[in-house]
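> what's the 3D shape of this:
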Amino acid sequence: MSILRKTGKAMEALDAIDIARIQFGLNIGFHILFPTITIALGWMLVWFRVQYARSGEAEWLATYKLWTKVFALSFAMGVVSGIVMSFQFGTNWPGYMNSVGNIAGPLLAYEVLTAFFLEASFLGVMLFGMNRVPGWIHLTATVLVAVGTTISAFWILALNSWMQTPAGHIMADGQLIAGDWWAVIFNPSFPYRFTHMLLASGLTAAFLVAGLSAWRLLKVSEDTAARRTLRTGILVAAVLAPLQILAGDLHGLNTLNHQPAKIAAMEALWKTERGAALVLFAIPNPQSRSNDYAVQIPKGASLILKHEMDAELKGIDFFAPDTPPVAPVFFAFRIMVGMGILMWLLAWFGAWRLRKESTPRWVLWIFASATFSGWIATLAGWLVTEIGRQPWLVTGVLRTTDAAGSVSEAQLGASLTGYLITYGIMLIAYIVVLTHLAGAGTDKQTTPGVLP
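Numbering: from 1, shown residues only. The predicted model follows:
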C-alpha cells in the first residue's frame with residue numbers, strides 16, 4: 001500500500017500528457033523487447049532447421065525444438081503487448097488517428113495483412129506440423145515465419161520513420177493523406193532506421209542464444225548442442241556488431257540532415273558553434289544551458305558529424321522553443337553506444353576464445369550475464385529516437401500535445417500503476433521460463449518429427 005501511495009503522490013506532480021507519455025512509453029518499451037528477439041531468431045531457426053535437414057543429426061533437431069519454444073513464447077508476448085498498445089491510440093492519443101490516420105491506418109493494416117497473418121498461420125505449421133507434413137513443407141513454413149517477422153518490421157519501421165521524417169503527404173479538405181505512397185514508405189530516414197533495427201535484432205538474438213547456451217553449459221559442460229548454439233550466437237554477433245556501428249554512424253549523419261535538433265540534444269550542444277567538442281560525459285544543466293562536469297574531446301563532434309574539425313553545428317538555442325529534453329536523450333544515447341561497443345568487444349573476444357577446445361567457466365559466466373544486453377541497447381536507442389523527436393508526434397506536422405486525449409490524471413495514474421505491476425510480473429515470468437528452458441537443455445532422445 002505504501003508503494004501505491006508514493007506512486008499516487010508522484011502522479012500528482014505530473015499532468016495528464018506527461019502520464020500518458022510515460023504510459024505509452026512503458027507499453028511500447030515492453031512490447032519492443034519481444035519483436036527485437038523474434039525478427040532475427042526466426043532466421044536463426046531457419047539455420048537450425050536447415051542443418052537438421054542436411055545432416056539428420058539429433059542435436060540439430062533438439063536445438064531447433066528448444067529455440068522454437070523460445071520463439072513461440074516471445075512471439076506470444078509480443079502479440080499480447082502489441083494489442084494493448086494499439087488500444088492506447090484511441091484512449092491516450094485520439095488526435096493521432098484523427099490527424100494522420102489516413103496514412104498510419106493503412107500502414108498498420110498492411111503489417112497485419114502481409115506479416116502478422118503470415119507469421120501466425122505458418123507458426124502453427126512450424127510448431128505442430130513436423131510429423132504431419134513433408135519435411136520440405138515444414139522447412140518452408142519456418143522460412144515463411146522468418147520472412148513474416150521481417151515484413152512486420154518493414155511496415156512498422158516505415159510508419160515510425162515517416163513520423164520522424166514525414167514525406168509524400170498532402171492536405172486535402174483538411175485531412176492529411178498520402179500523395180505518394182512510395183515517398184511515404186521510403187521516407188528519408190527509413191532505409192537507415194530499418195537497417196539499424198534489423199542489425200539490433202540480430203545482435204539481441206545472438207546474445208540471447210549465446211547467453212542461454214552459456215547458462216546451460218555452466219550446468220552441463222558436455223552438452224554438444226549448447227556448445228554449437230553458443231558458437232552460433234557469438235559468431236553472428238561478431239559479424240553484426242561492426243556492421244551495426246557503421247550503420248549507426250550513417251543513421252546519425254542522416255539524423256543530422258533531417259532532425260538536427262535531436263542531434264543537438266544527443267550531443268548536449270546548447271549553443272551553435274564551430275569546432276564543437278565531443279562530450280563523452282557530462283550532466284546537462286537546462287537552467288544554465290551548459291554541461292556540468294564535462295569530459296570532452298575538443299572539436300570531436302564537428303569531426304565525427306561533418307568530417308571537418310571547424311564545421312558548424314547547430315545548438316539547442318537555434319531550435320528553441322521546439323527542442324527535446326536534453327538530459328534523457330544525452331544519457332540514453334551514451335548507454336546505447338556504450339553497450340554496442342561492449343557487445344562488439346565481447347563478441348570478438350568470444351570468437352577468439354572459441355578457437356580453443358575448452359571454454360573456462362568464467363567466460364561462460366560473462367556471456368550468461370550478457371544474455372539480455374541487446375535489450376538494454378535497444379531500449380536506450382528507442383528512447384533517443386522517440387524523446388529526441390519531441391515536441392512533435394509527427395515532425396513538423398502534429399505536436400504531441402495536440403494529439404492527447406481527455407483522460408484524467410487520476411485515471412491515467414491508476415492504469416499506469418496497473419501496467420507497471422502487470423508488466424513487471426510478466427517480464428520476470430518470461431525470464432524465469434527462458435532460463436528454465438535453457439537450463440533443462442535439449443532432449444536428444446525425442447522422436448524426429450515431433451515437437452513436444
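> and for residue 380, the neighbour number?
20 (other C-beta atoms under 10 Å). C-beta coordinates here come from the backbone N, C-alpha and C atoms, glycine included.
> and it, what does it touch?
332, 333, 335, 336, 339 (C-beta atoms under 8 Å, 6 or more residues apart in numbering).
> please repeat the previous calculation with a cut-off of 10 Å.
Residue 380 is in contact with 331, 332, 333, 334, 335, 336, 337, 338, 339, 340, counting by C-beta atoms under 10 Å, 6 or more residues apart in numbering.
> element containing it, please.
Element membership of residue 380 [criterion: DSSP states H and E] is helix 373-387.
> that helix: what's the following helix or strand?
Downstream of helix 373-387, the next assigned helix or strand under DSSP H and E is strand 392-394.
> elements contacting that following strand?
Here strand 392-394 touches helix 94-111, helix 135-164, strand 398-399, helix 400-403, going by 3 or more C-beta pairs under 10 Å, 6 or more residues apart in numbering; DSSP states H and E.
> what's the angle from the second one to helix 373-387?
Going back to what we said before, that points to helix 135-164. Using axes from the mean of the first three to the mean of the last three C-alpha atoms, to 10 degrees, the inter-axis angle of helix 135-164 relative to helix 373-387 is 30 degrees.
> now the two most distant members of the contacts of residue 380.
Largest separation among these by C-beta to C-beta: 331 and 340, giving 14.9 Å.
> between those two, who's got more neighbours?
Per other C-beta under 10 Å, whichever of residue 331 and residue 340 has more neighbours is residue 340, with 23 against 18.
> counting contacts, what elements does the helix or strand hosting the more buried one pack onto?
Following DSSP H and E, one finds residue 340 within helix 326-353. Using 3+ C-beta pairs under 10 Å, 6+ apart as the contact test, the elements touching helix 326-353 are helix 190-219, helix 224-258, helix 260-266, strand 278-285, helix 361-369, helix 373-387.
> pull out the buried positions in that helix.
Residues 326, 328-337, 339-340, 343-344, 346-347, 350 are the ones in helix 326-353 that count as buried (16 or more other C-beta atoms under 10 Å).
> helix, strand, or coil at the residue lying closest to residue 279 once chain neighbours are set aside?
Ranked by C-beta to C-beta, 6 or more residues apart in numbering and with sequence neighbours excluded, the top spatial neighbour of residue 279 is residue 296, at 4.6 Å. Classification of residue 296 using DSSP: H, G, I helix; E, B strand; the rest coil returns strand.
> residues in contact with residue 296?
Neighbouring residues of residue 296 by C-beta under 10 Å, 6+ apart: 267, 268, 276, 277, 278, 279, 280, 281, 282.
> out of those residues, which end up buried?
267, 268, 276, 277, 278, 279, 282.
> so who does the closest residue to residue 383 other than its chain neighbours touch?
Spatial nearest neighbour of residue 383, chain neighbours left out: residue 332 (3.9 Å); criterion: C-beta to C-beta, 6+ apart. Applying C-beta under 10 Å, 6+ apart to residue 332 gives the contacts 265, 266, 379, 380, 381, 382, 383, 384, 385, 386, 387, 388.
> and the two most separated of those residues?
Using C-beta to C-beta, the two most remote members of those are 265 and 379, lying 17.4 Å apart.
> phi and psi next, for residue 312.
Main-chain torsions, residue 312, degrees, to the nearest 10: phi -90, psi 130.
> gap between it and residue 264?
Using C-beta to C-beta, to the nearest Å, one gets 12 Å for the distance from residue 312 to residue 264.
> kindly report the same for residue 38.
35 Å.
> cool, residue 180 as well?
30 Å.
> the two: which is more packed in?
It is residue 264, of residue 180 and residue 264, that has more neighbours when counted by other C-beta under 10 Å, with 29 against 12.
> was I right about that one contacting residue 333?
No - between residue 264 and residue 333 there is no contact under C-beta atoms under 10 Å: 11.7 Å.
> which of residue 265 and residue 379 has more residues huddled nearby?
Using other C-beta under 10 Å, the more surrounded residue of residue 265 and residue 379 is residue 265, with 29 against 19.
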